[in-house]
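**Student:** Structure for the following, please:
(4 chains)
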2 protein chains.
Amino acid sequence: MARAPDLERRVLDALWRGGEWSVRDVHLDIDPALAHTTFATVLDRLHEKGEVDREKVDGTWRYRAARSREAALAAEVGAVLARAEGAPDPLLVAFLDRVEQVDPRALDRLEALIQARRQRG
Amino acid sequence: MARAPDLERRVLDALWRGGEWSVRDVHLDIDPALAHTTFATVLDRLHEKGEVDREKVDGTWRYRAARSREAALAAEVGAVLARAEGAPDPLLVAFLDRVEQVDPRALDRLEALIQARRQRG
DNA sequence: GTTCCTCTACGACGGAATGTCGTAGTGCAG
DNA sequence: CTGCACTACGACATTCCGTCGTAGAGGAAC
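**Tutor:** Numbers count the residues shown, from 1 in each chain, chains lettered A, B, ... in the order given. Now for the predicted structure:
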């Protein structure tokens, strides 16, 4: 069978939609053709990594994302930035390109955020 | 022996400093305690992935980074952004946090870049 | 209670990435 | 010829991760 790329990420994407999920919920939502235990394993491993929290209710685990999607992605961006030496213009430009492409009005908000930050000093 | 984390990344970091590198150069720069062939292999694999270019001079390979550090990191940031739905404020804020921490004056440049972009429309 | 069904717990297999090295061979410098 | 420096190629172990099987617990339905 075709090995799914990024199954973990698809599971996280589901949990990031919010609420509590049983293994069954995730299984049905993502791909009922795969085995139940596949998702049990993936969720278990995400729990070991601290990406999701869980709580046992009536003998079954309820999972929820440990961080919001924004927080998780922000951490990833932060990790990349940490490897840059300084904040070179080409990187800033690439960032603006992407942001604008994904949401043109985000540039306005970005500018407002910069100014707000400056006020606080 | 302790398995080095991110040996590939450390090799790339070296090449990103610029110029042409032989296997020997990289070997001596990063960790002379490891075997010469370790670096030959790593560089070969980076070449297969297109991360580095190489050219044979007098029977020995000269390696150089295929992209600048900024271009490579920008691509990584872009990949993260592509997974965000839109450009949510928390992500923008996290980005600003990092940028400011690494280079406080970068916020000014960022603002200037946004304004320049708006002019062009 | 026996039969189902649903879960968990635990382990396992296989493929890919990657850190690490050995060996054989080639070509140039003494 | 003898070294030395490099390449070419292969190999092994570990880790990550997609995928699943099996065994067992616990409740629901006959």
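
**Student:** all strands of chain A, in order?
**Tutor:** Assigned by DSSP state E, the strands in chain A fall at A:52-57, A:60-65.

**Student:** Could you name the helices and strands sitting against the first one?
**Tutor:** Using 3 or more Cβ pairs under 8 Å, 6 or more residues apart in numbering or on different chains; DSSP states H and E as the contact criterion, the secondary-structure elements in contact with strand A:52-57 are helix A:36-48, strand A:60-65. In this view, the C-beta of every residue, glycine as well, is placed from N, C-alpha and C.

**Student:** Surely residue A:85 is in contact with residue B:69?
**Tutor:** Yes - counting by Cβ atoms under 8 Å, residue A:85 does reach residue B:69; the two are 7.5 Å apart.

**Student:** Touching stretch A:64-81 from outside, list them.
**Tutor:** A:12-13, A:15-16, A:18-21, A:50-54, A:87, B:73, B:76-77, B:80-81, B:83-85, B:88-91, B:93-95, B:97-99, B:102 (Cβ atoms under 8 Å, 6 or more residues apart in numbering or on different chains).

**Student:** Can you select the buried ones among these for me in PyMOL?
**Tutor:** The PyMOL command for the buried members of the contacts of stretch A:64-81 (criterion: 16 or more other Cβ atoms under 10 Å in any protein chain shown) is given here:
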select buried, (chain A and resi 12+13+15+16+21+51+52+54+87) or (chain B and resi 73+76+77+80+81+84+88+91+93+94+95+98+99)
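
**Student:** and the residue positioned nearest the centre of chain A, how far is that from residue A:34?
**Tutor:** Against the mean C-alpha coordinate of chain A, by Cα atoms, centre = their mean, the closest residue is residue A:69 at 3.7 Å. Look at residue A:69 and residue A:34: by Cβ to Cβ, to the nearest Å, they are 23 Å apart.
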